[in-house]
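Visitor: Pasted the sequence and its predicted model underneath.
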Amino acid sequence: MKSIKIFLLSIIAVLAVSCQSFLDESLKGSYSSENYYTSASKAEMAVNAIYNSLYDNKLWIFGDVASDDSVKGGDDGDQPQISEIDNLNPTDDNGTLGSFWQDTYETINRANNVIQNVDGMDIDAALKARLIGEAKFLRAYSYFNLVNVFGQVPLKLKPQNESANIHIGLSSIGDIYSQIDLDLTEAADGLGVARDGRANKAAAYALLAKSKLFQEKWDDALSAIANFESVGAAYSLVPNYADLFKSGGENSSEAIFAIRYFNNSTASRGNNLNVWFSPFSEEMGYHFNQPNQSFVDCFDEQTVGGQDDPRLDASIGRNGKPWFNGTTFDASWGNVTGYLVKKYDEDKVEGVAKSQSTVPQHRIRYAEVLLIKAEAMNESGTPGAAAVLDQVRDRAGLAPTSASTQAALRDAIRKERRRELGFEFHRFFDVMRYGKDYAVAALGAAAWPSDRYYFPIPQGEKDANAALKN
């Protein structure tokens, strides 16, 4: 036994020396930030990697399931951590919270690497400005989601390659929004107007308008809208709402910024929400995020022709209504509420796995810009808000709004946002920003424990970030 102990101690000593030697050497066969950013093509690949990090983001759990539009759904006992979010009672060790936090900060870190390293490259000035602009847009978009889910978060603006950049305390909500607005303003300066699936100048101004709206800076929101309109003349509402949620909808005149998916052999490049949201009968779909009756009931107006608002059946499946591939929806497929989300499902493509859907996820589209404009005009007392709202209503076949006072128009705009943007992951954040009375009426007292509800910072981050330790 003694000889074995001596042998083990010898091995440990050798390993200690070897490890020290290994740590002192440069990495073989991989890139570091110092030797990667050497050409324009590599800089573009680094920016592409930021977009790639958005493919499997779980924003729907917070924007939809936590709201009054839907419930978790799925089978009993499946994904209990989503149930905690649905009920607004997750603890800080909730894995879904941790995964969303890590995924979003991964996007931010990739953007930070581009912003820091591309700036010093000797490449075409216009290309450099565009690439940094895209990175700043994506960083701002990520922080916008974080501040609305968690409230105060660490504002990390440099690559996570040294301790000082990792161990950062919480920033105020005001400071986070200031950085979002700065990033978007600077992004707009560097971006072009090309509509090629990447963030562009119009997207930056549209997101800036939304940021200002959430801060209740109505005049600033309208200024951002004016800038959007100066570069976004090519954007318009598509005639058929349902076409937005089919393959190719990302190329429509309404799409401003959408997450695009590709039909190829790499499973992570497909939109797998149609697996999460679809019936079990469709390749064993998980039937999560089930719309509730409250969402259905908000479609309480018929078109001028006497039909149901077409956005309802384009958004969800309901009993007896057309589904996909010539089938009719059966309420039993939505085992909890009787409804399922339709926006991310599609007709089956022969020979292609369901997870390989190419239906886009719209994150900013022209209809939302119009609703932002209408809300900012109404809240600031600027005439004409009803006419802007009516552009969205008209596309749905509804009569012009009858709202004639500021309060009535406020209610009409809020309802239109819910109907128009349903299951595009906006609702919970709208409910919160509308204030205590609205939030408690929609979600109950849990929505406003002492101030508006924010989800807890994950324990994993508090363990890893010394600046957050109690």
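Guide: All right, it came through fine.

Visitor: Based on its surroundings, how many neighbours for the nearest residue to Gln406 once chain neighbours are set aside?
Guide: In this structure, Gln406 finds its nearest non-sequential neighbour in Asn378, 6.0 Å apart by Cβ to Cβ, 6 or more residues apart in numbering. The C-beta positions use only the backbone N, C-alpha and C, and glycine is treated the same way. For Asn378, the count of nearby residues is 25 (other Cβ atoms under 10 Å).

Visitor: Per-residue pLDDT of Asn378, please?
Guide: Here, the pLDDT recorded for Asn378 equals 98.

Visitor: Name the helix or strand of this protein that has the lowest mean pLDDT.
Guide: Lowest mean confidence among the helices and strands of the chain (mean pLDDT, DSSP states H and E): helix 2-23, at a mean of 36.

Visitor: rewinding a little: list the contacts of the residue nearest to Gln406.
Guide: Contact criterion Cβ atoms under 8 Å, 6 or more residues apart in numbering gives 385, 406, 409-410, 413 as the residues in contact with Asn378.

Visitor: Can you list the buried residues in the helix or strand containing it?
Guide: For Asn378, the host element (DSSP states H and E) is helix 366-380. If you call a residue buried by 16 or more other Cβ atoms under 10 Å, then helix 366-380 has these buried ones: 366-379.

Visitor: Retrieve the pLDDT associated with Lys462.
Guide: Reading off the model, Lys462 has pLDDT 94.

Visitor: again with Asn470
Guide: 61.

Visitor: Check Ser355 too.
Guide: 82.

Visitor: what sits against the closest residue to it other than its chain neighbours?
Guide: Among residues not flanking Ser355 along the chain, Asn272 sits closest, at 4.3 Å (Cβ to Cβ, 6+ apart). Taking Cβ under 8 Å, 6+ apart, we find Asn272 in contact with 56, 354-355, 357.

Visitor: what does Tyr434 give?
Guide: Arg414.

Visitor: Check the gap between it and Tyr261 for me.
Guide: 32 Å (Cβ to Cβ, to the nearest Å).

Visitor: do Gly460 as well
Guide: 29 Å.

Visitor: Could you check which of those two has the larger neighbour count?
Guide: Tyr261 (23 against 16).

Visitor: Identify the residue spatially nearest to the spatially most central residue of the chain, adjacent ones excluded.
Guide: The centre of the chain sits closest to Leu59, judged by Cα atoms, centre = their mean, with a distance of 5.1 Å. Once flanking residues are discounted, Leu59 sits nearest to Phe425: 4.6 Å by Cβ to Cβ, 6+ apart.

Visitor: these two touch, right, that neighbour and Asn57?
Guide: No - applying Cβ atoms under 8 Å, one finds Phe425 not in contact with Asn57, separated by 9.3 Å.

Visitor: Could I get the contacts of Asn378 in JSON lines, plus columns for secondary structure?
Guide: Below are those laid out as JSON lines (DSSP: H, G, I helix; E, B strand; the rest coil):
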{"residue": "Ala385", "secondary structure": "helix"}
{"residue": "Gln406", "secondary structure": "helix"}
{"residue": "Leu409", "secondary structure": "helix"}
{"residue": "Arg410", "secondary structure": "helix"}
{"residue": "Ile413", "secondary structure": "helix"}
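
Visitor: what's the most distant pair in these?
Guide: Gln406 and Ile413 (10.4 Å; Cβ to Cβ).

Visitor: More neighbours: the two, which one.
Guide: In this view Gln406 and Ile413 are compared by other Cβ under 10 Å, and Ile413 has more residues nearby, 25 against 11.

Visitor: mind listing what that one touches?
Guide: Counting by Cβ under 8 Å, 6+ apart, Ile413 has contacts 371, 374-375, 378, 385, 389.

Visitor: mind redoing it with 7 Å?
Guide: Residues in contact with Ile413 (Cβ atoms under 7 Å, 6 or more residues apart in numbering) are 371, 374-375, 378, 389.

Visitor: what secondary structure does Phe257 sit in?
Guide: Applying three-state DSSP: Phe257 is strand.

Visitor: and it, what is it in contact with?
Guide: Contacts of Phe257 (Cβ under 7 Å, 6+ apart): 199, 203, 363-364.

Visitor: Try it again at 8 Å.
Guide: Contacts for Phe257 (Cβ under 8 Å, 6+ apart) come out as 141, 199, 203, 206-207, 362-364.

Visitor: same deal with Asn289?
Guide: By Cβ under 8 Å, 6+ apart, the neighbours of Asn289 are 60-61, 64-65, 70, 72-73, 276-277, 341, 423.

Visitor: Glu216 too?
Guide: Glu379.

Visitor: Check the gap between it and Gly435 for me.
Guide: Glu216 is 10 Å from Gly435, by Cβ to Cβ.

Visitor: Same check on Thr91?
Guide: 27 Å.

Visitor: Val304 now?
Guide: 33 Å.

Visitor: Around Leu182, how many other residues sit close by?
Guide: Leu182 is flanked by 13 other residues according to other Cβ under 10 Å.

Visitor: so where does it fall, helix or strand?
Guide: Applying DSSP H and E, one finds Leu182 within helix 173-190.

Visitor: do Tyr344 as well
Guide: Tyr344 belongs to no helix or strand, assigned by DSSP H and E.

Visitor: Which residue, other than its chain neighbours, is closest to it?
Guide: Nearest to Tyr344 is Leu273, by Cβ to Cβ, 6+ apart, at 4.0 Å.

Visitor: can you check Phe324 too?
Guide: Counting by Cβ to Cβ, 6+ apart, the residue nearest Phe324 is Asp347, at 5.1 Å.

Visitor: What separation is there between that neighbour and Pro322?
Guide: 11 Å.

Visitor: how far out from the middle of the chain is stretch 390-404?
Guide: Chain-centre distance of stretch 390-404: 27 Å, with Cα atoms, centre = their mean, to the nearest Å.

Visitor: Identify each buried residue in that stretch, please.
Guide: 390-393, 395-398, 401, 403.

Visitor: what's the answer for stretch 204-223, then?
Guide: Going by 16+ other Cβ under 10 Å, stretch 204-223 has these buried residues: 204-215, 217-218, 220-223.

Visitor: So which of those belong to helices?
Guide: 204-214, 218, 220-223 (DSSP state H).

Visitor: Would you point out the most distant pair within these?
Guide: Ala204 and Trp218 (19.5 Å).

Visitor: nearest to Asn87, of the buried residues of helix 366-380?
Guide: For the buried residues of helix 366-380, the nearest to Asn87 is Glu368 (28.1 Å; Cβ to Cβ).
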